[in-house]
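Peer 1: below are the sequence and a predicted model; questions follow.
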Amino acid sequence: MQAWVDFFTTDYGLMSAAVIAFMFVMLGYIAWYVAKHVREDTERHDRLVREARGG
């Protein structure tokens, strides 16, 4: 229990919490960014395949 108290009340605990939160935010952003580009590239590829087949 003392670990949680130290984590949320000391300067190094709060800094650790901020870094952990920042890492989760960055993880979410990178996942969104990669998914967006994969979706765009897939759509571009599908469009090029349709054009190459003549339809």
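Peer 2: Great, that's in hand. Numbers count the residues shown, from 1 in each chain.
Peer 1: how about the residue positioned nearest the centre of the chain, secondary structure?
Peer 2: Centroid-nearest residue in the chain, with CA atoms, centre = their mean: residue 28, separated by 2.5 Å. Here residue 28 takes the helix state, with states given by DSSP: H, G, I helix; E, B strand; the rest coil.
Peer 1: which regions of the chain lie under the pLDDT threshold?
Peer 2: Scanning the chain for pLDDT under 70 picks out 55.
Peer 1: which parts of it are helices?
Peer 2: With DSSP state H as the criterion, the chain has helices at 2-9, 11-52.
Peer 1: packing partners for the last one?
Peer 2: Read it as helix 11-52. Contact analysis of helix 11-52 by 3 or more CB pairs under 8 Å, 6 or more residues apart in numbering; DSSP states H and E lists helix 2-9 as its packing neighbours. In this view, the C-beta of every residue, glycine as well, is placed from N, C-alpha and C.
Peer 1: follow-up on the earlier one: mind checking how far the residue nearest to the centre of the chain is from residue 50?
Peer 2: Note on residue 28: its distance to residue 50, by CB to CB, to the nearest Å, is 33 Å.
Peer 1: so what's the residue count around residue 25?
Peer 2: By the criterion of other CB atoms under 10 Å, residue 25 has 10 neighbours.
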